[in-house]
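In: Curious how this folds, go ahead:
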Amino acid sequence: MAEKIVLALGGNALQSGGEAATAEGQLTVIHKTCEYIAQLNQQGYEMAIVHGNGPQVGRIVLASETAKDVTPAMPFDVCGAMSQGYIGYHLQQGLKYALNKRNESFPVVTILTQVVVDKKDPGFKNPTKPIGPFYSKEEAMELEREKGYVMKEDSGRGYRRVVASPLPQRIVEIEAVKELWPKAIVITCGGGGIPVTENPTGCLNGTAAVIDKDFAAELLAEQVGADILMILTEVEKVAINYNKPDQKNLDHLSLKEAHEYCEQGQFAPGSMLPKVQAAMKFVRANPSKRAIITSLDKALEALDGKTGTVFTFNN
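Out: Residues are numbered from 1 along each chain as shown. Prediction:
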């Protein structure tokens, strides 16, 4: 039987510094991304795709707030739904093009996905999820004063607005994903899913937050019985002492080793830390399976065991 993979796409798979932050620029990058994904499909892997939305939802919110005197600003959860729709649309276009080039007539479907979070999640009191563009320190301080944003430095690249990032509890549309799985490549839980809370009657209400897409991908991987959780990012391997003279790239991490490095503060919150934690959560729940963190262009090689950082239950 074909191995089932959940792919979590990082921001570099959707946009790059070399392209303008426009819909056209994003589509150009996505076409390149989809060439790699199509290669996985050609190798016979069954896939679902989860993508981030930090820059996109940040710009949608910014545009909505800027135009508030012309048209009412949209709530944060609606902005997240908008980002999920247009990124999914771009991925569908790019992936169908890449598949058609390979004479693969395989359906690609985006599911607008809600994900239930706990309204008492501590993430609401400690915002950590970066969204929107990068700012200088001076610009960030001005935004804090003017708009009350919480601004934090992001991995040496500048300052960004951060919002609440509660943990995902339940994927509302999971049965639809399972039904489509053997018949299509499913794009789901985009941006981590539209965060909603559930009241005692079962009704859902949108909430102002961005769920980390790596944790959403992990939950999805568990619920569809995936063989591999693959988190694709900008670096080929997870590293300790990152960006220091003694940086060490890691080929393999057991749960014990990964936990120790997390305790040492080796991984940046809002960046590599949630990726490592999601990988740990998957192998903890599925001791016979593996999680992989690597770069998009090395995905096939990582699946063949030639690169990437592989997480397993034991050494």
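In: Run through this structure and note the low-pLDDT ranges.
Out: With pLDDT under 70 as the threshold, the chain has low-confidence stretches at 17-18.
In: and the longest helix for it?
Out: helix 76-101 (DSSP state H).
In: Show me what secondary structure element comes after that one.
Out: Sequence order places strand 108-110 as the next helix or strand after helix 76-101, per DSSP states H and E.
In: Tell me the helix or strand right after that following strand.
Out: Downstream of strand 108-110 (by DSSP H and E), the next one is strand 114-116.
In: Who are the packing partners of that following strand?
Out: Packed against strand 114-116, as judged by 3 or more C-beta pairs under 8 Å, 6 or more residues apart in numbering; DSSP states H and E, are the following elements: strand 170-171, strand 194-198. In short, each C-beta sits where N, CA and C put it, glycine included.
In: For the last one, buried residues please.
Out: For strand 194-198, a neighbour-count test (16 or more other C-beta atoms under 10 Å) marks 194-198 as buried.
In: Which strands border that strand, and is each parallel or antiparallel?
Out: strand 114-116 (parallel), strand 204-206 (antiparallel) (DSSP bridges).
In: Check these for me and report the most buried one.
Out: Highest mean neighbour count of these: strand 114-116, a mean of 22 (counted as mean count of other C-beta atoms under 10 Å).
In: hey, where'd the helices end up in this protein?
Out: Under DSSP H, the chain gives helices at 23-42, 54-66, 76-101, 137-147, 174-180, 213-224, 255-263, 272-285, 299-303.
In: These: which one's closest to Ile111?
Out: helix 174-180 (5.9 Å; C-beta to C-beta).
In: For the closest one, buried residues please.
Out: Result for helix 174-180 [16+ other C-beta under 10 Å]: buried residues 174, 177, 180.
In: Could you pull up the residues touching the last one?
Out: Contacts here follow C-beta atoms under 8 Å, 6 or more residues apart in numbering; on that basis Leu180 touches 109, 111, 186.
In: Please repeat the previous calculation with a cut-off of 6 Å.
Out: Residues in contact with Leu180 (C-beta atoms under 6 Å, 6 or more residues apart in numbering) are 109, 186.
In: can you tell me how far Arg160 sits from Asp154?
Out: According to C-beta to C-beta, to the nearest Å, Arg160 stands 5 Å off from Asp154.
In: got it, and Asn243?
Out: From Asn243 to Asp154 the distance is 13 Å (C-beta to C-beta).
In: list the contacts for Phe124?
Out: Ala164.
In: How about the one 5 residues further on?
Out: Under the criterion of C-beta under 6 Å, 6+ apart, the neighbours of Lys129 are 162-163, 165, 210.
In: okay, those in CSV with neighbour count next?
Out: Below are these laid out as CSV (neighbours: other C-beta atoms under 10 Å):
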residue, neighbour count
Val162, 22
Val163, 23
Ser165, 25
Val210, 31
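In: Taking these, tell me the two that lie furthest apart.
Out: Top of the distance list for these (C-beta to C-beta): Val162 and Val210, 9.2 Å.
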